[in-house]
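Student: Let me see the structure of the following:
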Amino acid sequence: MLSTVQAKLLIVDDLPENLLALEALIKREDRLVFKALSADEALSLLLQHEFAMAILDVQMPGMNGFELAELMRGTEKTRNIPIVFVSAAGRELNYAFKGYESGAVDFLHKPLDIQAVKSKVNVFVELYRQSKAMKEQVLALEQSRREQEALLQQLQSTQLELEQAVRMRDDFMSIVAHEVRTPLNGLILETQLRKMHLARNNAAAFTPDKMHAMVDRDERQINSLIRLIEDMLDVSRIRTGKLSIRPTHFDLAALVRGLLQNFAQQFEAAEASVSLDAEQPVNGSWDEFRIEQVISNLLTNALRYGAKSPITVKVYSDGDQALVEVQDQGIGISEDNQKRIFQQFERVSVKEAVAGLGLGLFISEQIVAAHGGTITVQSRIGEGALFRVCLPL
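Tutor: As a prediction, the model looks like this:
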């Protein structure tokens, strides 16, 4: 692995024949030798490349080898490059000391000992390669550490999501059990009551008027169960991307008007009044069944949270948009809860538990979004809520 690291070597001498001779000694396939005839030329190369070592001639015109070495030691990029001096001078101790003082790691004397030159270059090239390999290992370890930290954070995030999903599942199952039990209990009680009358041959309990009342009660309970099941099926369709939209051309104002007529008994039972502002037809292409589902959810919420207050419904067009507004004067929704109410299984109440799976607004938003529209809420605690559905015509 170390042999694959290419080493760049710099030799500096003012005599071309010396450069060629030294290059011939140290050049190999895994090495790249750069030659400079002056200190200035050498500095330019040093700024462009990363060198395993530099071999400097001491005696050069202009800037000599010692001065070049001092410049290299004062520059961050070249500070750690091993420097070997070459000199034709004698082996006086003071002269060599000056070289070491300038930053040399070794000294070669002319005439050069071929084996000594090759041996020293081999040592410094090997040290360079080991240093490079060490740096790469450190970088790889650091990268691995960062990847492990990122993976750990991802795992922790996934764990939190799973824990939240488990809590949501448990909450959802608890809500479903409660909501399904209510209509089922009604049906069970009605069945037990009829069995009791039949066992006693009490024909008076089965007069036409009483039978109509029984059927009406049964129908309400069955419709409640169907609505719960349909909500859960819609969530499944949304999650799998199978919520179908089948547009037809119809009058949105007429649809809302008909819905209010269907809700008449519920408004009466809730002791709430409703007014409709829909003077002009609002014609467009939407899925009639799905839009009716959205408006029904908004009306149900207005009744549920409206505290018997008047409810106002408005249908109108604005440019290329159709709008439906449902406003109540009930308990209102806090700013924090406004961010949550369009999520799954969210049921917002100030004081007491409320009916429903907490899916109505989630499903409604998905239906409106599938039409390319938006649904928004404006509310303050104690001042009611205004839901606005905006659909492209």
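
Student: how about low-confidence regions in the protein?
Tutor: 1-4, 89-104, 171-172, 174-179, 182, 344-358 (pLDDT under 70).

Student: Would you mind giving the domain segments of it?
Tutor: Per automatic domain parsing, the structural domains of the chain span 2-112, 161-239, 248-392.

Student: burial count for residue 49?
Tutor: 12 (other Cβ atoms under 10 Å). C-beta coordinates here come from the backbone N, C-alpha and C atoms, glycine included.

Student: contacting residues around it?
Tutor: For residue 49, the contacting residues are 8, 10, 34, by Cβ atoms under 8 Å, 6 or more residues apart in numbering.

Student: returning to that earlier point: can I get the domains of the chain in TSV including distance to residue 134?
Tutor: Below are the domains of the chain laid out as TSV (distance: least, Cβ to Cβ, whole Å):
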stretch	distance to residue 134
domain 2-112	10
domain 161-239	40
domain 248-392	52
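
Student: mind checking which of those is nearest residue 131?
Tutor: Between residue 131 and those, the shortest gap by Cβ to Cβ is with domain 2-112, which sits at 8.8 Å.

Student: mind listing the helices in the protein by residue range?
Tutor: Along the chain, the stretches classed as helices by DSSP state H are 16-26, 39-48, 65-73, 93-101, 114-199, 208-239, 252-262, 264-269, 288-305, 335-338, 360-370.

Student: Next, format the ones you listed as CSV and append mean neighbour count.
Tutor: As requested, the helices of the chain are exported to CSV (neighbours: other Cβ atoms under 10 Å):
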stretch, mean neighbour count
helix 16-26, 15
helix 39-48, 16
helix 65-73, 20
helix 93-101, 13
helix 114-199, 12
helix 208-239, 14
helix 252-262, 17
helix 264-269, 12
helix 288-305, 21
helix 335-338, 12
helix 360-370, 21
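
Student: Please name whichever of those is nearest to residue 82.
Tutor: helix 114-199 (5.0 Å).

Student: now that closest one and helix 16-26, what's the angle there?
Tutor: 60 degrees (axes from the mean of the first three to the mean of the last three Cα atoms, to 10 degrees).

Student: Hey, what's the angle from helix 114-199 to helix 208-239? Just curious.
Tutor: Using the same axes, to 10 degrees: helix 114-199 against helix 208-239 is 170 degrees.

Student: ok, of the contacts of residue 49, which one's closest to residue 207?
Tutor: residue 8 (107.4 Å).

Student: dump the residue contacts of the closest one.
Tutor: Residue 8 touches 31-34, 49-52, counting by Cβ under 8 Å, 6+ apart.

Student: From residue 197, how far out is residue 6?
Tutor: Applying Cβ to Cβ, to the nearest Å, the value for residue 6 to residue 197 is 100 Å.

Student: and what of residue 311?
Tutor: Taken as Cβ to Cβ, the span from residue 311 to residue 197 is 40 Å.

Student: Over to residue 373?
Tutor: Counting by Cβ to Cβ, the gap from residue 373 to residue 197 is 52 Å.

Student: try residue 361
Tutor: 42 Å.

Student: can you check residue 286 too?
Tutor: 48 Å.

Student: what is residue 36 paired to in the beta sheet?
Tutor: residue 12 (DSSP bridges).

Student: and it, what is it in contact with?
Tutor: 10-12, 42, 44-45.

Student: which one among the contacts of residue 8 gets closest to residue 300?
Tutor: Out of the contacts of residue 8, the member with the shortest distance to residue 300 (by Cβ to Cβ) is residue 50, at 72.8 Å.

Student: Next one: the closest one relative to residue 6, how far apart?
Tutor: From residue 50 to residue 6 the distance is 10 Å (Cβ to Cβ).

Student: so residue 309 sits right up against residue 274, yeah?
Tutor: No - between residue 309 and residue 274 there is no contact under Cβ atoms under 8 Å: 10.5 Å.

Student: what sits in contact with each of these two?
Tutor: Contacts common to residue 309 and residue 274, judged by Cβ under 8 Å, 6+ apart, are absent.

Student: OK, contacts around the closest residue to residue 132 other than its chain neighbours?
Tutor: In this structure, residue 132 finds its nearest non-sequential neighbour in residue 5, 5.1 Å apart by Cβ to Cβ, 6 or more residues apart in numbering. Shown in contact with residue 5 (Cβ under 8 Å, 6+ apart): 30, 128-129, 132-133.

Student: one more time with 7 Å, if that's ok
Tutor: Residue 5 makes contacts with 129, 132-133, as judged by Cβ atoms under 7 Å, 6 or more residues apart in numbering.

Student: One more: residue 302?
Tutor: Contacts of residue 302 (Cβ under 7 Å, 6+ apart): 311, 326, 328.

Student: Can you get me a residue count around the last one?
Tutor: Going back to what we said before, that points to residue 328. Neighbour tally, residue 328, other Cβ under 10 Å: 28.

Student: Need the phi and psi values for it.
Tutor: phi -120, psi 170 (degrees, to the nearest 10).

Student: so what's it up against?
Tutor: By Cβ under 7 Å, 6+ apart, the neighbours of residue 328 are 302, 305-306, 309, 311, 384-385.

Student: change it to 8 Å
Tutor: By Cβ under 8 Å, 6+ apart, the neighbours of residue 328 are 302, 305-307, 309-312, 384-385.

Student: Closest one to residue 87 out of those residues, please.
Tutor: Looking across these and measuring by Cβ to Cβ, the closest to residue 87 is residue 385, at 91.9 Å.

Student: If anything else comes up later, I'll come back, but that's it for now.
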